[in-house]
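Student: next one to model:
(one chain, ligands or ions: 2)
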Amino acid sequence: MKIAVLPGDGIGKEVTAQAVRVLKAVVGREAEFTEAPIGGEGLKAAGVPLPPATFELAKKADAILFGAVGGPGDESGPRQLRPGLGLLTLRRELKLFANFRPAFLFPELIGASSLKPELVEGLDLMILRELNGDIYYGEPRGISVGADGRRQGVNTMRYSEPEIERIAHVGFRAARERRRKLCSVDKANVLETMQLWRETVSQVGKQYPDVELRHLFVDAASMELLRAPKQFDVMVTPNMFGDILSDAAAMLTGSIGMLPSASVGEAAGSGHKGLYEPVHGSAPDIAGKDIANPIAAILSAAMLLRHSFNRSDDAARIERAVRAVLAQGCRTADIHQPGTTKVGTAAMGDAVLAALR
Ligand code: IPM
Ligand code: MG
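Tutor: Ligands and ions are numbered 1, 2, ... in the order given. Predicted coordinates for the structure are as follows:
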């Protein structure tokens, strides 16, 4: 098992370290871990967010355990020197087009949600975000100077039928494994690209008569997500809308620090390459303080075992250990509540390791 470890920036380093400890405890010497810099760390090491050596390592690996990239000030400066580009290039070059972002509530954390307990009790939804297309990659793009000497910015929302078809199939198949409900999110009332999205998803849906398909405009979808989130099973979204909705969905569960994600390619879920990362970002404001929650990273390691190595038993073992630790009352600052014990990042890792034993 060749695992590339790309901790990246900010709390990415701290949380990934805990996930690696847990993985090592479970798979022992069967796995070979190799670490490489990406994002801001890539810039420091090699002057680019995705150093060639890191890219080679990621290409050869069976699975990639990813932390987070980015730091303060990333929104300015040339695009090719922004930390986030390291991640965007990996996703696209490795053709990891299907991004699973589950949002589920641990019963122990029901009080941590910003919604009323009855709205989120038993919440278990899956956002499936398309990850290789849309305005994230569409050309033309850039900032140019117009005839009046003033600048203008351009980005292009673009999807082809095959791109929509392949993510739709993954969506319908995922729904089949769950509660057989798929909600497709678009903005077909305004954008032609999204009209094509809706038509294509509907067309693919004819092959899955056993799955209930519904379409929502993204504005209505965001409202419904906050009004009655339990109505959803799987939501399939274009890249940009999925980026936004998945942060909102994650927060319903109390903390974005709890949720893992998997980005996979054509052979989704059958022992093939994937990139596994917490849904949260690099959180520079709390980096280096040993207070970040490593659970999202640890659960991402469980997803890695399940999807890239078909080791569902080991994945379930890790998930049980996390549950046990929460039941013991162990909490990092983001999910801490009166009556529970506040612990740091490394201590949370220790607790999960102890529960594994
Ligand atoms: C995410 C992040 C990334 C994205 C950034 C870091 C490029 O927000 O994974 O959700 O926009 O896809
Ligand atoms: Mg995001």
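Student: near ligand 1, which residues of the chain? Just list them.
Tutor: The interface of the chain toward ligand 1, taken as Cβ under 6 Å from any ligand atom, is made up of 69, 70, 84, 87, 88, 243. Using the backbone N, CA and C atoms, a C-beta is placed for each residue, glycine as well.
Student: show me what contacts the first one?
Tutor: Same thing as residue 69. 8-9, 12, 38-40, 49, 83-84, 86-87, 281-282 (Cβ atoms under 8 Å, 6 or more residues apart in numbering).
Student: how about the residues you listed in a markdown table, adding secondary structure?
Tutor: As requested, the contacts of residue 69 are arranged in a markdown table below (DSSP: H, G, I helix; E, B strand; the rest coil):
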| residue | secondary structure |
| --- | --- |
| 8 | strand |
| 9 | coil |
| 12 | helix |
| 38 | coil |
| 39 | coil |
| 40 | helix |
| 49 | coil |
| 83 | coil |
| 84 | helix |
| 86 | helix |
| 87 | helix |
| 281 | coil |
| 282 | coil |
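Student: filter those to the buried ones?
Tutor: Neighbour-count burial (16 or more other Cβ atoms under 10 Å) is assigned, among the contacts of residue 69, to 8-9, 12, 38-40, 49, 83-84, 86-87, 281-282.
Student: among those residues, give me the pair with the biggest separation.
Tutor: In those, two members sit farther apart than any others by Cβ to Cβ. They are 49 and 281, at 14.6 Å.
Student: residue of the chain closest to ligand 1, please.
Tutor: Using Cβ to the nearest ligand atom, residue 84 is the residue of the chain that sits closest to ligand 1, at 3.4 Å.
Student: so how far is residue 243 from the spatially most central residue of the chain?
Tutor: For the chain, the residue lying nearest the average C-alpha position, counting by Cα atoms, centre = their mean, turns out to be residue 261 (3.7 Å). Taking Cβ to Cβ, to the nearest Å as the criterion, residue 261 is separated from residue 243 by 12 Å.
Student: next: residue 143.
Tutor: Distance, residue 143 to residue 243, using Cβ to Cβ: 21 Å.
Student: more neighbours: these two, which one.
Tutor: residue 243 (17 against 9; other Cβ atoms under 10 Å).
Student: my read is that the more buried one contacts residue 130, right?
Tutor: No. Look at residue 243 against residue 130 with Cβ atoms under 8 Å: they stay out of range, at 10.3 Å.
Student: in this structure, where is pLDDT below threshold?
Tutor: For the chain, applying pLDDT under 70 flags the ranges 267-271.
Student: where along it do the strands fall?
Tutor: In the chain, strands defined by DSSP state E lie at 2-8, 32-35, 63-68, 98-104, 124-130, 142-145, 151-154, 181-186, 212-217, 234-237, 260-264, 274-278, 330-331, 341-342, listed in chain order.
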